[in-house]
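Colleague: let me see the structure of the following:
(chains A and B)
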Amino acid sequence: MGYVKAVDGVSLKIANGQTMGLVGESGCGKTTLARTLLRLTAPTGGRIFFSGKDMTKAKGRALREYRRLTAVVFQDPYASLDPRQTVRSAITEPMGIHHLVRSRQEANQRAADLIKLVGLNPDHLSRYPHEFSGGQRQRIAIARALAVTPEFLVLDEPTSSLDVSVQAQILNLLKALQRDLKLTYLFISHNLSVIRFMCNRTAVMYLGRVVEVADTSRIYESPKHPYTHALLASAPIPDPAKRKKGGVIEGDVPSPVNIPPGCRFMSRCPYATERCAKEFPKPVQVRPGQWVECLYDLDLKVEPSPGVRA
Amino acid sequence: MTESETHWTRGSGGNQGTYVQQQAPRPTEAALSIRGLKVVFHTYAGDVQALDGVDLEVQRGEILGLVGESGCGKSVTALAVAGLLPINAEVISGEVLLDGKNLLKMKKEAVRLSRLNDIALVFQDPMTYLNPVLTIGLQITEALTSDLKVFAEDLIAARMTKLEAMMKRSLTEEQELESLRRAKQSHNLSNKEGKRLASLRALDYLRLVRLSEPEKVLKMYPFELSGGMRQRAMIAMALVRRPRVLLADEITTALDVTVQAQILELLKDLRDKIDAAIVLITHDLAVVSEVCDRVAVMYAGSVVEVAGLVEFFKNPSHPYSKGLMAAILRPDLSSETLESIKGSVPDLINPPSGCRFHPRCPYAYQKCPESKPPMTEVSPGHAVTCFLYGG
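Modeller: A predicted model of the protein is given here:
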């Protein structure tokens, strides 16, 4: 028997009303991190603060209040909605649990408001999930998350199972909701384009650690960690003029069981030296607000873009 | 790697004419062409009109990107070509021509043979398509040893070319060459010899898909490989019988972005080496842009636009293609707003009349719900089914 250190010593701060992006490949610990800070998974160490209050050991009333202030939207709306529950029931259920409404009538009224807020029709409330398309289901999941009037929303790959045209609708909806309801988001995705569109700051995870965190524009224009750079270089670009000419990073993400000492990215890093095998890279602030876990201050070039898309 | 790279390109080097059923390819004819293909699925809810007259052509040596959203019929098209449609599907009309022969008219056994010899498929999730209790080597060589008679000549010839190409041969290699010559004359290969040759071929193909330590991989089980390695093994398996058409259905969708980049790189490399027509089915236009030569866009069961890659990205013409292009985000550019296509994909049990895109189309007018627009060429090699461009 061994342990999988799914998330190993992560420190992050998310400012009020902002969107923090969490990007990384499968198995890097993005979802475990999100579950831990929602108190759905118990951490083995470290602390979680929400609005200055320590929530790591919160119990009873304090935990219930924390559950009301936070909500989550998962990737697969086919799995996250109960097929035997009407949309109305799915949306009003959390209101009852948190005593947010005084009567059934009030709950139904709020459900109707919420369903309109996410771009659906109040007629849809009496239907069942199977009657909706993936995009519509994701709207329902968002309405349900908003039913408890949360301040902080974890969006765990909310558009990964959707088609591009529908993805655009959902992303626009999420941006509008954030602006109107002053929400704070933790946006998890493996899609670099989506992260760039949605997030103010971005954290890049690799094998359970945040290897780089900075303002989104910094991450995309002047990354400092070789993994961030490799991710950006691997992302396909919908522009034949910018086709990649070889030079992609080798290998797969190693198993998180028995992680060797030293830098975790060493086995795939083109700049790795002997020092990387022995010394654990501590997070260094290379520029104001840009933290990197790399022993070296590398000069990584990103091909410049021809300009900002209109 | 160089010595193992040269000999499998069909019709080049010393191996000319040894491939089974080989004919001189007529240069202008497409390796695969699909004409007016209509497929219906009979379900309890009603008939799903999955394909509504698909027209497509793929040349040998090119990668065609078949794009569209889920449910648009990309995969159904691939399954129809391979003769693998489920039992409740019915081909209403149309033809699938492989080197001029209509696959849909063939007898069952002939279709099986053409699937064995000419058409290969690779799917999204390699773990579903690999047998978990057999080694990778066994699964790759199975396609060859199950039908040794067909492949004996090809295997012998390949091995002989390789041995003859070696400058200094040892005594055992001389003996092997001699026994191969005899086997070739008598058109007879023992099972043991066949298996050995087949696994040598498997090794070559594992090298071709750039798996490191191929000798080790041959003896491994699927669970011992990572996602990217499994997909490479699947590709090797698909290529080992030298297909004329390779249908790759969302082969990178389940992979991480760094591994996806590796597989796409491999696909570009293979295009020049295997001399097959490759159809890359994907929902991701960025993936198309990285590897394809031409693009075909599908919507609700038919191809709405076909164009060369650069032309398509410069000048997408069908309103649906325009909508798709406006809805994609780029990792290399920051953007403040994002366009989306209104509505959602139609229900194909009761599809919209006329042009199936008209309920979502910002340019739709009177004519659109009335009749189906024909394929109209807007520039050489660039065709659109939309009344805005005539028809």
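
Colleague: just confirm residue A:111 contacts residue A:125, I think it does.
Modeller: Yes: with contact defined as Cβ atoms under 8 Å, residue A:111 and residue A:125 form a contacting pair (5.9 Å). Quick note: C-beta positions are derived from backbone N, CA and C, even for glycine.

Colleague: give the residues shared as contacts by the two.
Modeller: Contact criterion Cβ atoms under 8 Å, 6 or more residues apart in numbering or on different chains; residues shared by residue A:111 and residue A:125: A:87, A:88, A:91.

Colleague: can you redo those residues as JSON lines with neighbour count?
Modeller: Supplementary listing: those in JSON lines, determined by neighbours: other Cβ atoms under 10 Å in any protein chain shown:
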{"residue": "A:87", "neighbour count": "27"}
{"residue": "A:88", "neighbour count": "18"}
{"residue": "A:91", "neighbour count": "26"}
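
Colleague: now these in JSON lines, please, with extra columns for distance to chain B.
Modeller: As requested, the shared contacts of residue A:111 and residue A:125 are exported to JSON lines (distance: Cβ to the nearest Cβ, whole Å):
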{"residue": "A:87", "distance to chain B": "17"}
{"residue": "A:88", "distance to chain B": "22"}
{"residue": "A:91", "distance to chain B": "21"}
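
Colleague: what sits against residue A:253?
Modeller: Here residue A:253 is in contact with A:25, A:26, A:27, A:28, A:206, A:207, B:256, B:258 (criterion: Cβ under 8 Å, 6+ apart).

Colleague: right, I mislabeled it, should have said residue A:53
Modeller: residue A:62.

Colleague: so what pLDDT did whichever residue of the stretch 101-250 of chain B sits closest to chain A get?
Modeller: Nearest residue of the stretch 101-250 of chain B to chain A, counting by Cβ to the nearest Cβ: residue B:226, 4.2 Å away. Turning to residue B:226, the model gives it a pLDDT of 88.

Colleague: for it, which non-adjacent residue is closest in space?
Modeller: Spatial nearest neighbour of residue B:226, chain neighbours left out: residue A:252 (4.2 Å); criterion: Cβ to Cβ, 6 or more residues apart in numbering or on different chains.

Colleague: so which helix or strand takes in that neighbour?
Modeller: Remark: residue A:252 resides in no helix or strand, with elements defined by DSSP states H and E.

Colleague: and the pLDDT at it?
Modeller: 77.

Colleague: hmm, residue B:135 is touching residue B:224, no?
Modeller: No: assessed by Cβ under 8 Å, residue B:135 is found out of contact with residue B:224, at 9.5 Å.

Colleague: looking at the two, which is more packed in?
Modeller: residue B:135 (16 against 13; other Cβ atoms under 10 Å in any protein chain shown).

Colleague: OK, contacts around that one?
Modeller: Applying Cβ under 8 Å, 6+ apart to residue B:135 gives the contacts B:218, B:219, B:220, B:221.

Colleague: buried only: go through these for me.
Modeller: residue B:218 (16 or more other Cβ atoms under 10 Å in any protein chain shown).

Colleague: which one of the contacts of residue B:135 sits closest to residue A:43?
Modeller: For the contacts of residue B:135, the minimum distance to residue A:43 (Cβ to Cβ) is 35.7 Å, reached by residue B:221.

Colleague: how about the strands in the chain?
Modeller: You didn't say which chain, so I picked chain A. A:19-23, A:49-50, A:53-54, A:70-73, A:152-156, A:184-189, A:201-206, A:209-215, A:284-287, A:290-292 (DSSP state E).

Colleague: you answered for a different chain; I wanted chain B.
Modeller: B:32-43, B:46-58, B:63-67, B:89-98, B:101-102, B:119-122, B:245-249, B:277-282, B:294-299, B:302-308, B:375-379, B:382-385.
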